[in-house]
Structures are given as C-alpha cells and as structure tokens.
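Peer 1: below is the sequence, then the predicted model.
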Amino acid sequence: MKKLLALVLASAMTLGLCACGSADTATTTETAEVTEATETATEEVATTEVAAEEATTERTTLIVGFDAEFPPYGYMDENGDYVGFDLDLAQEVCNRLDWELVKQPIDWDAKDMELSSGAIDCIWNGFTINGREDDYTFSVPYVDNSQVYVVKAESDIKSEADLAGKVVGVQADSSALAALEDAEGKADVAATFGDLVQFADYNTGFMNLESGAIDCLALDIGVANYEIAARNGGYVILADQLASEQYGIGFLKGNTELKDQVEKVLLEMVDDGTFGKIAEQYADFGLVDSVCLGK
Amino acid sequence: MSFGVILSQLGGGMVKSIEIFVLTLLFSLPLGLFVALGRMSKLKILSGIIKIYIAIMRGTPLMLQLIVVYFAPYYVFGINISSGFRFTAVIIAFSINYAAYFAEIFRAGIQSISIGQWEAAQILGYNKAQTFFKIILPQVIQRIIPPVTNETITLVKDTSLSFVLSIAEMFTIAKQIGAREASIIPLMIAGLFYFIFNYIVAFGMDRFEKKMSYFR
C-alpha cells in the first residue's frame, strides 16, 4: 500500500513538474513579449531623458553579432581573424566613432535571444530586411540580394520547373527557407519538391550537394558565389530566382538612437567612397554589383 | 592554406575546450559528492529535492540547460546580460549537469560497500566521518573509476555544445574553417584532436585505477 502511494505521489510530482515546465515557458514568452513592449515604451522615454548625457559619451564598444560561417559577409580568414564585407564596414564605422568593435560570432538560431538580452548590440551579417521589418529596427538597405538555386554543373536541372520531385536543401531559419514557405512566394514551387531538407550551415549543405544527397541548394547569391569560387567551380546558379531582397543592419526593435548613429557614419562612408572601396575588396564574390548604396 | 595553419587555429579552440573540461570537472566532482550524500540523506525533504534535481538534469537536454542558464537572468529577472557571462554560464550549466550524473555514480559506489564495514569501524572506535573518508571513500573511488571515465570522456565531446552560447571552442572553429575552405577536412582533423585527447584521458584514468588498487 505504501509503495503504491509512493508511486502515485511520484507520478503526480512528475506530472506537476511537466505542467510547471510548460506553464513556465508560456509565461516566459509572455513576459518576454510584455517586457519587450514596455521596454520599447520606456526606452523611448529613457532615450529622450538619457540622450543628453549618454548619447555618444557613454558608448565605447559596439558588439556586432554575426554568423561566422557566412562568407563573404562574415567569416574567419586564414590568420584566424574574423573578416568579411560587413565586418569591415563595422570596423570602419567604429574607427570613425572611436568605438571598440567586438566581433561576436553567434549561433544563428539564437540571434533574437542574443539581441534582446543585450548580449549583442546589432546583427550585421547579410541580414535580410524583407519579412523582418516588424521585428527589428533596420538601417537603410545597403546590399541588393537575391535568393538563388545552385545545382551541380552536370545536373539535368536547368530551371525551377525541373526541380519537381527533387530534393532541395536550405539553411534553417534562412531567407531562402522563408521564401519557400511564403504562400505568396514560392510555396507552390516548394510543394512540387521531392523533399525540402534543412541544414545548420552552408558547408554541410554543399557537402550534401557534392555527394548527391540533395539535388539543389537554395541560398543567398553572395554566399553561393563565394562557395562556388572556393570550390573551383563545378556548380551553376539557375536563372530562376526565389526572391530578391535587401540587406540591412538589424538593431533591437526601438533602438533607433544607435541605429541613427551607425547609419549616419555608414552614409558618410558611402559619400567619401570608402564604402565602395571595401566592396571592391570582395569583388570576386560579386559584391560590387550587389551593393545598393552610392550608385 | 597549409595544414599547419589549420592545426594552429584548431589548437586555439582546443585550449578553450580544455578550459571547459578542466573547470567542469573541478566543480562537478565535489558537487556530485555532496549531491550523492544528499540523495542518500535520511531527511526525506532533502533527498526528495535532490531526486527532483537529478531528474531534471538528466531528463532535459544539456543544450537547453545551457540556454536557460545563460538567458535566465534576462528573461526571468530582466537583467541585461554581458557578453562575458557566456563562459561563466557554460561552466555553471556543465557543472550542475555533470554533478547529477557523477552523484549517481558516487551513490552506486558508496552503497556497494557492505554495511559490515561500517559496523566493524564503529566497533574499532571510528566515528562516521572517519569511517567514510578513511575506509569507505578509498574503496569507492577505485570502484567508480570506470564509470567516471565514461562520463569524463563524454564531457570532452560535450564541450562542443557550448557553441549554442557562442563560445568559440574547437568544433566551432573547425566548422568556421570548413566554411572558409569549403572543405570537410578541418572537421576530420577536429575529430582526431578529440580522439587523441580522450585517449590521454583514458590512459590517465587507467593508471590512476591501477594505483588505487593497492588494498586489493
């Protein structure tokens, strides 16, 4: 009898725990939303109050969050340093504002938590604006990007229509995936695919494509150009595109003060030609064509 | 891109992995002993709380625990997190997770010693603490070395989970080099690094086990 009672109690406790667990997550998300909302409100008040004393004097560092496996926008170079078009721009902005730039590689899936908790100040890493307008405070767009399909050069896939019944790969939480899930975008095309597989990073995606595990990879054109160049060709980009979109610097929703500071310097760099010079360093990856500022 | 450069870059990540490994062992082994003693406590409340703690630590993914430890100050208490907290959070999460596993191993070891030894020690005039540290614990340590080695080796490989908090440990670096080189080779080299490191750990534990078997 005692044992039975113990068993019942134990299972009740476990159940209670589970319930607590799920309730907790629910409340946390709720509170997170509420705090976010209140924060935006309080921030507005706070910024006006604090602006005078804190505006430019307090900030000495800029923590940029980026995916270090996203060449040519942000990646580790041969010396082990983090470089890339976006990081070079960020470095120049910080030099001019006399801030210290902290390059923080992040887990792309955790970017929202990183940003809202204040662990990073902005996401500056080929960050697509389209579809995220309501979630972040964005700078002006600085790169015109498109989402493309990459297939092996010898593949018999020549157009989007040939993808019917084929296996297509895409990065988790990426814009290409969003386009393929968008009912007004390419959801109808995605429905014809044999399967849609999600990868954590592009290297794994290309390894799958190379080994024949998937037939096609959907990704950003800049990354596609980099990967194809790094692999000495052997792949082609289809003429049919998934979507065209623009890159911007993403700040925490409501943090217009920081956005304005960074954007002002970025536009100065466009005017004096520095922006174009940095783009030229990455000309091999098609960046000169895709930047949309200073033209 | 020479092989040597890849090795030296991976070596930097390896240092981070070893830091996590050493600090986690340093905190989780003693903590595990206390947890084991609490788990065996005659106080129902204490042993009940410890049981729940162990159940949560073993029953949820370590990756989730890492995220919870790191982001809890913000999402629960509204405190903004500094980037420097990342590493601390990793050590806290790994330590409390591994302490739960170690505690159960310790408990198995302690309970495997026959009660007769306690009784004999009592007759010889040993008090409980003396009995535990002088008679029971040395035997326990010897018995639990194989399962502890298992956990320790798992810990070496688990350090790669800390990337979820953006710690640039070896596997993360290997993936980043792989992305730049568009190659799978860096991942293979990282695998070799893990293997060698674990081989050293296993070798050391084996020597330790032989040394501890003096009373057999």
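Peer 2: Arrived safely, thanks for sending. Values in this document were obtained by computation on a predicted structure and should not be read as measured data.
Peer 1: so what's residue 106 up against?
Peer 2: With no chain named, the answer covers chain A. Residue A:106 makes contacts with A:65, A:66, A:67, A:114, A:120, B:166, as judged by CB atoms under 8 Å, 6 or more residues apart in numbering or on different chains. The C-beta positions use only the backbone N, C-alpha and C, and glycine is treated the same way.
Peer 1: hm, I was asking about chain B
Peer 2: B:32, B:33, B:36, B:140, B:144.
Peer 1: where's the third one, which helix or strand?
Peer 2: Secondary structure here is read from DSSP states H and E; on that basis residue B:36 sits in helix B:3-39.
Peer 1: what's around residue B:64, how many residues?
Peer 2: 11 (other CB atoms under 10 Å in any protein chain shown).
Peer 1: give me the three-state assignment for it.
Peer 2: helix (DSSP: H, G, I helix; E, B strand; the rest coil).
Peer 1: quick one: it and residue B:91, what's the gap?
Peer 2: 17 Å (CB to CB, to the nearest Å).
Peer 1: equivalent analysis for residue A:153, please.
Peer 2: 48 Å.
Peer 1: neighbour count for the two, which is higher?
Peer 2: residue B:91 (19 against 9).
Peer 1: looking at the nearest residue in space to that one that is not next to it in sequence now. What's its pLDDT?
Peer 2: Using CB to CB, 6 or more residues apart in numbering or on different chains and skipping the chain neighbours, the partner closest in space to residue B:91 is residue B:23 (5.0 Å). For residue B:23, the model assigns a pLDDT of 97.
Peer 1: and for residue B:23, the neighbour number?
Peer 2: Quick note: residue B:23 (other CB under 10 Å) scores 16 neighbours.
Peer 1: the one 5 residues further on too?
Peer 2: Around residue B:28 sit 24 other residues, with neighbours defined as other CB under 10 Å.
Peer 1: residue B:156: how many residues sit nearby?
Peer 2: Neighbours around residue B:156, by other CB under 10 Å: 20.
Peer 1: so how far is chain A from it?
Peer 2: Using CB to the nearest CB, to the nearest Å, residue B:156 is found at 21 Å from chain A.
Peer 1: try residue B:154
Peer 2: For residue B:154, the distance to chain A - CB to the nearest CB - is 21 Å.
Peer 1: surely that residue is within a helix?
Peer 2: Yes. Counting by three-state DSSP, residue B:154 is found in a helix.
Peer 1: and the pLDDT at it?
Peer 2: 95.
Peer 1: what residues are up against it?
Peer 2: No residues are in contact with residue B:154 under the rule CB under 8 Å, 6+ apart.
Peer 1: what of the one 5 residues further on?
Peer 2: Contacts of residue B:159 were listed using CB under 8 Å, 6+ apart, and they are B:17, B:20, B:21, B:94, B:169, B:170, B:171.
Peer 1: 7 Å instead, please
Peer 2: B:17, B:20, B:21, B:169 (CB atoms under 7 Å, 6 or more residues apart in numbering or on different chains).
Peer 1: most surrounded residue in those residues?
Peer 2: Top of those by neighbour count (other CB under 10 Å): residue B:17, with 27 neighbours.
Peer 1: any idea how far residue A:111 is from it?
Peer 2: With CB to CB as the criterion, residue B:17 and residue A:111 are 24 Å apart.
Peer 1: equivalent analysis for residue B:58, please.
Peer 2: Residue B:58 is 30 Å from residue A:111, by CB to CB.
Peer 1: same check on residue A:175?
Peer 2: In terms of CB to CB, residue A:175 sits 13 Å off from residue A:111.
Peer 1: ramachandran angles for residue A:98?
Peer 2: phi 60, psi 40 (degrees, to the nearest 10).
Peer 1: isn't residue A:292 right next to residue A:140, touching?
Peer 2: No. Applying CB atoms under 7 Å, one finds residue A:292 not in contact with residue A:140, separated by 9.1 Å.
Peer 1: for stretch B:181-201, buried residues please.
Peer 2: B:181-184, B:186-187, B:189-190, B:193-194, B:197-198, B:201 (16 or more other CB atoms under 10 Å in any protein chain shown).
Peer 1: which bits of chain B sit near chain A?
Peer 2: Residues of chain B lying near chain A by CB under 7 Å from any CB of the partner chain: B:1, B:5, B:9, B:12, B:71, B:74-75, B:78, B:80-81, B:83, B:163-164, B:166, B:168, B:175-180, B:182, B:184.
Peer 1: just the buried ones from those?
Peer 2: Buried among the residues of chain B next to chain A (16+ other CB under 10 Å): B:9, B:71, B:74-75, B:81, B:83, B:163-164, B:166, B:168, B:175-180, B:182, B:184.
Peer 1: in stretch A:152-160, what counts as buried?
Peer 2: So, applying 16+ other CB under 10 Å, buried residues of stretch A:152-160: A:152, A:155, A:157, A:160.
Peer 1: go ahead and flag the most central residue of chain A.
Peer 2: Centroid-nearest residue in chain A: residue A:127, 4.4 Å away (criterion: CA atoms, centre = their mean).
Peer 1: scratch that, chain B is what I was asking about
Peer 2: Closest-to-mean residue, chain B, CA atoms, centre = their mean: residue B:98 / 4.3 Å.
Peer 1: for stretch A:225-240, which outside residues touch it?
Peer 2: A:71-72, A:148-153, A:159-160, A:202, A:206, A:224, A:284-286, B:182.
Peer 1: relative orientation of the lowest-mean-pLDDT helix or strand in chain B and helix B:3-39 in degrees?
Peer 2: In chain B, no helix or strand scores lower on mean pLDDT, DSSP states H and E than helix B:170-181, which sits at a mean of 87. Counting by axes from the mean of the first three to the mean of the last three CA atoms, to 10 degrees, helix B:170-181 lies at 150 degrees to helix B:3-39.
Peer 1: how is chain A carved up into domains?
Peer 2: Following the assignment in automatic domain parsing, chain A carries domains at A:40-144+A:246-290, A:146-245.
Peer 1: which residues of chain A lie near chain B?
Peer 2: A:28, A:32, A:35, A:63, A:68-69, A:71, A:75-76, A:78, A:80, A:102, A:104-107, A:110, A:113, A:117-119, A:201-203, A:206-207, A:227, A:230-231.
Peer 1: filter those down to the ones in strands?
Peer 2: In strands, judged by DSSP state E, the following of the residues of chain A next to chain B are found: A:63, A:69, A:75, A:76, A:102, A:104, A:105.
Peer 1: in terms of helices and strands, where is residue 148?
Peer 2: No chain in the question, so chain A it is. strand A:143-152.
Peer 1: look at chain B instead
Peer 2: Per DSSP H and E: helix B:137-158 holds residue B:148.
Peer 1: go through that helix and flag the buried ones.
Peer 2: Here helix B:137-158 shows B:137, B:139-140, B:142-145, B:147-149, B:151-153, B:155-158 as buried, counting by 16+ other CB under 10 Å.
Peer 1: cool, and stretch B:121-138?
Peer 2: Buried, per 16+ other CB under 10 Å, within stretch B:121-138: B:121, B:126, B:131, B:132, B:135, B:136, B:137.
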